[in-house]
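Chemist: Sharing a sequence plus its predicted fold:
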Amino acid sequence: FRDEGRPEKMGGWQRKIASQEKDTTNNLFTGCARKILSWQALNGDKYLALGTHLKLELFFEGQIYDITPADTSGYSVGITFATTDTSVEIQMTITGHVRNIGDYVDITSSTVATIGGITVVGEYKVTEIVDVNNFKCTRVVVQTAASTASTATTVDYDFLLPSGTCDAGNLPGGYGIGTWNTEGVASGGYNEERISTLPGELRTWSLANFGEDLLACPRNEGIYTWDASAGPSANRATLLSNAPAENLFIFVSEARRNVVSLGCTDTGGTFDPLLVRWSDTENSDSWDPTIVNSVAGTKRLPKGSKLMSGVQTKNENVIFSDTAAYSMQFVGGDLVYSFNELGSKAGVIAPHAALEVDGIVFWMGRNSFFRYDGVISPVPCKLQKALFNPESPESINNLQRDKVHAGFNREFFEIIWLYTSRDSDECDRYVIYNYLYDTWYDGTMDSTAWEDRYVFDYPLETSSGGLIQNHELTKDDDGNTLNAYPESAFFDLKPDNA
């Protein structure tokens, strides 16, 4: 309903040509993307960052680069490689390794170059936890061994940021969780991933630009920076060591170029889910408010159980908890920022369910839609009953609500919310609000994150299977026919009293 409310076939999508830098046969990014961000560096290079539940990756000129930060780097002499006729398995002995099945290890150098025809240096994925000091892993890029061999070697390695969970309710397995190799026990153990009935948070990312550099924060982790001037190859994101150690969400306030953290550790290292902290002006790694002339500061907000999201507008920032919305406005002086409650029953449903369009903030709440243009007001939605009624198959899967993702398609005046439907575990539906014609429409689509054509020629979205796709380039589904038809609710062709 893009043209004055008249129905038309929705724009389709086509995959971007891409391949992994270290495996050109692989055209998929790693994991399920929860946030993507496009920008242009000072030299004109165009980047797309992808934060997934497994990696932080970067799309640049047709290749996908792994920029996942290293969690720990080290040197080990306790490495045993054993090749088979298809791959290579290694057992690493590192005291108190704290790895889990599914984590990644990058071996950057080795005293033995090849074993059984297999190159030792490369990336490996943890497949088995032997005990607290030993684990086994296999190469990510599979190579065929020329012979069976077992050799000890000494290596330099990086433990990459531990993998997150893709779905809410799935808790990671590993040493210390569940039982130890107990046959018939399904709750986990050394060699089994644990699937819990308790709610567990899935991994989401906050991505923002600080100048031409990238800031990236996986929820409940530290803040990392990626230096664009060093280029994409062999250039991992690094930790901002002075920033809060644990953060729920970050964004950059352009009023004075402060990095803002929502729900984070305080200056003493204690985590507070309702605490707001911001860095010094023009310095993403200076957070101490006691430093002379620093404008870094803190503010605790009172309502909700945790802070969820933040959006920058022209004159202020809007901060959301799970139940309330606040204004954060630069005022200067000793206060630096003032905070005012905008609404006590206007929280956001998910970290990426809010966005700004021409100075107006739109967001999805737990059971309705809102807008803020100086005053919070509801956005009437004729699809609201189907979206928020758990009896409807089109309704939002409440357990997976953190996957709700808002996107903007400026060409057609559309705000799109991607979401997981009642009987699904991954984003498979969307609801669109056309704010120009005040119309709503919905449908099905395998899409987990969205970015408008700010830098690239077409809007971009990511599929759950690892594809980066151009939208509005075609009317079809990546070369396949995209069947389309209009559907409405029941209505009377002639009023009863006519």
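Modeler: Happy to help now that I have it.
Chemist: what about Asn100, neighbour count?
Modeler: By the criterion of other Cβ atoms under 10 Å, Asn100 has 19 neighbours. Where C-beta positions appear, they are placed from N, C-alpha and C, glycine not excepted.
Chemist: For the longest strand along the chain, which strands pair with it and how are they oriented?
Modeler: Secondary structure assigned by DSSP state E gives strand 70-83 as the longest strand of the chain. Each strand that pairs with strand 70-83, with its direction, by DSSP bridges: strand 88-93 (antiparallel), strand 150-160 (antiparallel).
Chemist: Would you mind saying which of the ones you listed lies nearest Thr68?
Modeler: Minimum separation from Thr68 across the strands paired with strand 70-83 (Cβ to Cβ) falls at strand 150-160, 4.8 Å.
Chemist: Buried residues in that closest one, which are they?
Modeler: For strand 150-160, burial by neighbour count (16 or more other Cβ atoms under 10 Å) applies to 153, 155, 157-160.
Chemist: Could you pull out the strands in the stretch 51-200 of the chain for me?
Modeler: With DSSP state E, counting those that start in this stretch as the criterion, the stretch 51-200 of the chain has strands at 56-60, 63-66, 70-83, 88-93, 104-110, 114-115, 118-119, 122-131, 134-139, 150-160.
Chemist: Phe370 is nearest to which of those strands?
Modeler: The closest of the strands of the stretch 51-200 of the chain to Phe370 is strand 56-60. By Cβ to Cβ, the value is 30.9 Å.
Chemist: Spell out the residue ranges of the helices in the stretch 301-450 of the chain.
Modeler: For the stretch 301-450 of the chain, the helices defined by DSSP state H, counting those that start in this stretch cover 384-388.
Chemist: can you map out the strands along it?
Modeler: Counting by DSSP E, counting those that start in this stretch, the stretch 301-450 of the chain has strands at residues 307-312, 317-321, 325-332, 336-343, 354-357, 360-364, 369-372, 376-378, 405-409, 414-419, 429-434, 439-444, 449-451.
Chemist: Reformat the ones you listed as JSON lines; add distance to Thr25.
Modeler: Below are these laid out as JSON lines (distance: least, Cβ to Cβ, whole Å):
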{"stretch": "strand 307-312", "distance to Thr25": "38"}
{"stretch": "strand 317-321", "distance to Thr25": "42"}
{"stretch": "strand 325-332", "distance to Thr25": "47"}
{"stretch": "strand 336-343", "distance to Thr25": "50"}
{"stretch": "strand 354-357", "distance to Thr25": "36"}
{"stretch": "strand 360-364", "distance to Thr25": "39"}
{"stretch": "strand 369-372", "distance to Thr25": "43"}
{"stretch": "strand 376-378", "distance to Thr25": "50"}
{"stretch": "strand 405-409", "distance to Thr25": "29"}
{"stretch": "strand 414-419", "distance to Thr25": "29"}
{"stretch": "strand 429-434", "distance to Thr25": "32"}
{"stretch": "strand 439-444", "distance to Thr25": "30"}
{"stretch": "strand 449-451", "distance to Thr25": "24"}
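Chemist: To Leu56, which of the strands paired with strand 70-83 lies closest?
Modeler: strand 150-160 (9.2 Å).
Chemist: So Ala33 sits against Thr52, correct?
Modeler: Yes - Ala33 lies in contact with Thr52 (Cβ atoms under 8 Å); the separation is 5.0 Å.
Chemist: shaky segments in the stretch 351-498 of the chain?
Modeler: 475-479, 481-498 (pLDDT under 70).
Chemist: I misspoke; the intended subject was the stretch 1-150 of the chain.
Modeler: For the stretch 1-150 of the chain (pLDDT under 70), the answer is 1-10, 84-87, 145-147.
Chemist: Try it again at 80.
Modeler: For the stretch 1-150 of the chain, residues meeting the criterion pLDDT under 80 lie at 1-13, 77-89, 115-118, 142-150.
Chemist: mind giving me a markdown table with the strands of the stretch 51-200 of the chain and columns for distance to Gly304?
Modeler: Shown next, in a markdown table, are the strands of the stretch 51-200 of the chain (distance: least, Cβ to Cβ, whole Å):
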| stretch | distance to Gly304 |
| --- | --- |
| strand 56-60 | 28 |
| strand 63-66 | 36 |
| strand 70-83 | 30 |
| strand 88-93 | 43 |
| strand 104-110 | 34 |
| strand 114-115 | 54 |
| strand 118-119 | 51 |
| strand 122-131 | 36 |
| strand 134-139 | 39 |
| strand 150-160 | 33 |
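Chemist: Any idea which of these gets closest to His405?
Modeler: Among the strands of the stretch 51-200 of the chain, strand 56-60 comes nearest to His405, with 17.2 Å by Cβ to Cβ.
Chemist: which strands and helices sit next to that closest one?
Modeler: Counting contacts by 3 or more Cβ pairs under 8 Å, 6 or more residues apart in numbering; DSSP states H and E, strand 56-60 packs against strand 46-52, strand 63-66, strand 224-226.
Chemist: Ser344: which of those strands is closest?
Modeler: Using Cβ to Cβ, the nearest of these to Ser344 is strand 46-52, at 30.8 Å.
Chemist: Next, the buried residues of the closest one.
Modeler: Residues of strand 46-52 classed as buried by neighbour count (16+ other Cβ under 10 Å): 47-52.
Chemist: Would you pull up how far it lies from the middle of the chain?
Modeler: How far strand 46-52 lies from its chain's middle: 10 Å, per Cα atoms, centre = their mean, to the nearest Å.
Chemist: what's the angle from that strand to strand 56-60?
Modeler: The directions of strand 46-52 and strand 56-60 differ by 160 degrees, with axes from the mean of the first three to the mean of the last three Cα atoms, to 10 degrees as the criterion.
Chemist: All good on my end, thank you.
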